[in-house]
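Undergrad: okay, sequence plus prediction incoming.
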Amino acid sequence: MLHLVIAEAELELVPKAILDHPAIVNHARRRGKRPDEILLDGTYHHAAIKKLPDGERRGRPDIVHVCLLNALESIANKEGLLRVYVHTRNDEVIYIKPETRIPRNYNRFVGLMESLFKNRAVPRDLELLRIEEKSLEELVEELNPDGVFVMHENGEPAKPSEFGKTLSELREPTVIVGGFPHGDFRAEPPGKKISLYNAPLMAWTVVNEVIISFEHWIL
Ligand SMILES: C[S@@+](CC[C@H](N)C(=O)[O-])C[C@H]1O[C@@H](n2cnc3c(N)ncnc32)[C@H](O)[C@@H]1O
């Protein structure tokens, strides 16, 4: 079983500091929601995000959306060999049941995440998704893996196929992929750093490479 963590994901509700910025207020009004109920989104809130610390990398729910579509629709997940988690910049962890069908439509995905932040679990009866306050270290400790790997462009070089073999030889490895668009992890994540390519890749590409390389050895 492979545990895949999208870490330090840029997924958050609009922070207090910019709740009354016109870009936020207008977007919330158009959506019929309160400013504190909507996800921070760089596409719509660019002018407001610039004022926040780390503004150039925040408000990227789209990265989580594409990573989750790829991971949850993978063969490894259909075969019950994958568990996926999202850790956010505010130290929350989203637990996702493998049978969850993530909406293909981005606006519906955003609505689902907003409902998750509000209700802490969705849907109420099945709890396919639930969110808890938890650091990345606490999550990794809880998963109790026999190997922890951090995908990193400056890590030890490994071909995806070699790395897949390493994963397949472990009982419950954990792989951490950064869910942010630029720069490095803000806090050093636990685990051995691995680079799959000699240039930066998008998070969803790394998610795909890891899962497919793992499948190659395990199926
Ligand atoms: C878009 S990258 C992060 C930003 C990247 N450091 C940059 O400035 O372009 C998202 C994540 O993909 C993974 N990643 C990116 N390039 C990689 C590589 N060459 N090998 C392994 N993982 C990589 C890392 O986990 C990284 O945190």
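TA: Now that the structure is in, tell me what you want to look at.

Undergrad: what does the protein have sitting close to the ligand?
TA: Within the chain, the positions adjacent to the ligand are 151-153, 177-178, 180-184, 195-197, 200-203, 206 by Cβ under 6 Å from any ligand atom. From N, CA and C alone the C-beta is placed, and that goes for glycine too.

Undergrad: go again with 5 Å.
TA: Taking Cβ under 5 Å from any ligand atom as the test, the list of the chain residues beside the ligand reads 151, 153, 177-178, 182, 195-197, 200-201, 203, 206.

Undergrad: any idea which of the residues you listed is closest to Glu8?
TA: The nearest member of the residues of the chain next to the ligand to Glu8, counting by Cβ to Cβ, is Gly178 at 5.9 Å.

Undergrad: so the closest one touches Ala7, yeah?
TA: Yes. Gly178 lies in contact with Ala7 (Cβ atoms under 8 Å); the separation is 5.9 Å.

Undergrad: what touches both of the two?
TA: Phe185 (Cβ atoms under 8 Å, 6 or more residues apart in numbering).

Undergrad: pick out the residue of this protein closest to the ligand.
TA: Per Cβ to the nearest ligand atom, Gly178 is where the chain lies closest to the ligand, at 2.1 Å.

Undergrad: phi and psi next, for that residue.
TA: phi -70, psi 130 (degrees, to the nearest 10).

Undergrad: let me see the contact set for it.
TA: 6-8, 151-152, 184-185, 203.

Undergrad: please redo it, this time with the cut-off set to 6 Å
TA: By Cβ atoms under 6 Å, 6 or more residues apart in numbering, the residues touching Gly178 are 7-8, 185.

Undergrad: for ChimeraX, what selects the buried ones among those residues?
TA: Written as a ChimeraX command, the selection of buried residues from the contacts of Gly178, which uses 16 or more other Cβ atoms under 10 Å, is:
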select :7,8
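
Undergrad: which members of the contacts of Gly178 are positioned in strands?
TA: Secondary structure from DSSP state E places 7-8 of the contacts of Gly178 in strands.

Undergrad: may I have the longest strand along the chain exported as PDB, CA atoms only?
TA: Counting residues, the longest strand found in the chain (DSSP E) is strand 147-157. C-alpha atoms of strand 147-157 as PDB (Å, rounded to 0.1, in the frame of the first residue of the first chain):
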ATOM      1  CA  GLY A 147      10.000   4.300   4.200                       C
ATOM      2  CA  VAL A 148       9.400   8.100   3.700                       C
ATOM      3  CA  PHE A 149      10.400   9.800   0.500                       C
ATOM      4  CA  VAL A 150      10.200  13.500  -0.300                       C
ATOM      5  CA  MET A 151       9.900  14.300  -4.000                       C
ATOM      6  CA  HIS A 152      12.400  17.200  -4.600                       C
ATOM      7  CA  GLU A 153      14.200  18.600  -7.600                       C
ATOM      8  CA  ASN A 154      17.400  18.700  -5.600                       C
ATOM      9  CA  GLY A 155      17.100  15.200  -4.100                       C
ATOM     10  CA  GLU A 156      19.100  12.100  -4.900                       C
ATOM     11  CA  PRO A 157      18.600  11.300  -8.600                       C
END
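
Undergrad: which helices and strands sit right next to that strand?
TA: Helices and strands touching strand 147-157, as assessed by 3 or more Cβ pairs under 6 Å, 6 or more residues apart in numbering; DSSP states H and E, comprise strand 173-178, strand 192-195.

Undergrad: can I get those in a markdown table with mean pLDDT?
TA: What follows is the helices and strands packed on strand 147-157, written out as a markdown table (pLDDT from 0 to 100):
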| stretch | mean pLDDT |
| --- | --- |
| strand 173-178 | 98 |
| strand 192-195 | 98 |
